[in-house]
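**Q** coordinates only, sequence not included:
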DNA sequence: GAATTATGCAACCCCCCAGTTGCCTAACCC
DNA sequence: GGGTTAGGCAACTGGGGGGTTGCATAATTC
């Protein structure tokens, strides 16, 4: 990984939109916070922290898993979910590129205004 | 702003979810990319770049505006939309705090494993 | 092996979202 | 002022998201 790859703002828009959408729910934000700060957790454990039913939590976990934010593995009769950092790192880079673009744009505008 | 405020992962979950949700659509991602890299643009200008109708774009801009990602002002008969950087900066900080939390968690786990 | 626990699957409800079409108003241009 | 352009408002549709309940099944436990 010696060469720095310039990430374009428009790269993989569908995948990014999927990850953003997965984070666009307060229940799922809470699940992410839980699973990124502890051991892998089972569905029942995660449901116990919430007022929602186990099935609702299962669906939310499915959304997070399809976005790649968590992954799951079977352990006996339990299904353990763990955090996967890559997708959120990509979002972070994307947001950084947007900010950078904006900085350049507004700097250009200002210098033109005081022409 | 001399004191550094530690942003908790659980701060303002509803507002964050709203901003994430606003970004969870490829059309809106395209609008953000457009509006963060140029002058303020009118609805018709933004709709011309898209295959969707003007009304669809208007609705998407409404979602972005309610999330604070863009703001609008009237100029004659046009309504001009411009990028607002703060919400995305907050998301960036949030994602950074999640990554940091995860790093600490996994470091703790590793050191315990090789006990 | 009988009770308990963890989960999956399916059907159902409600509501919001994305997108469209149709129509109406206001501003601009000559 | 008449045509054109920018936009708002409302109604409608299709589909998917969030949530629930009910039931079936596999693994655990004693």
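**A** Nice, thanks for sending it over. What you see is a predicted model; the values in this text were computed from it and never measured. Residues are numbered from 1 along each chain as shown, chains lettered A, B, ... in the order given.
**Q** tally of neighbours for residue A:103?
**A** Residue A:103 has 12 neighbours, counted by other C-beta atoms under 10 Å in any protein chain shown. The way it works is simple: take the backbone N, C-alpha and C, and place the C-beta from them, glycine included.
**Q** that's a strand at it, yeah?
**A** No: under the criterion used here (DSSP: H, G, I helix; E, B strand; the rest coil), residue A:103 is helix, not part of a strand.
**Q** ok, now how distant is it from residue B:83?
**A** Applying C-beta to C-beta, to the nearest Å, one obtains 11 Å for the distance of residue A:103 from residue B:83.
**Q** same check on residue A:27?
**A** Here the distance between residue A:27 and residue B:83 works out to 29 Å (C-beta to C-beta).
**Q** so which bits of chain A are right by chain B?
**A** Counting by C-beta under 8 Å from any C-beta of the partner chain, chain A comes close to chain B at A:9-10, A:13-14, A:16-18, A:20-26, A:29-30, A:32-33, A:36-39, A:83, A:85, A:88-89, A:91-92, A:95-96, A:98-99, A:101-102, A:104-105, A:109.
**Q** buried residues in the helix or strand harbouring residue A:111?
**A** Mapping residue A:111 onto the secondary structure by DSSP states H and E places it in helix A:86-113. Buried residues in helix A:86-113, counting neighbours by 16 or more other C-beta atoms under 10 Å in any protein chain shown, are found at A:87-88, A:90-92, A:94-98, A:101-102, A:105.
**Q** for residue A:90, see how far away residue A:18 is.
**A** To residue A:90, residue A:18 is 11 Å away according to C-beta to C-beta.
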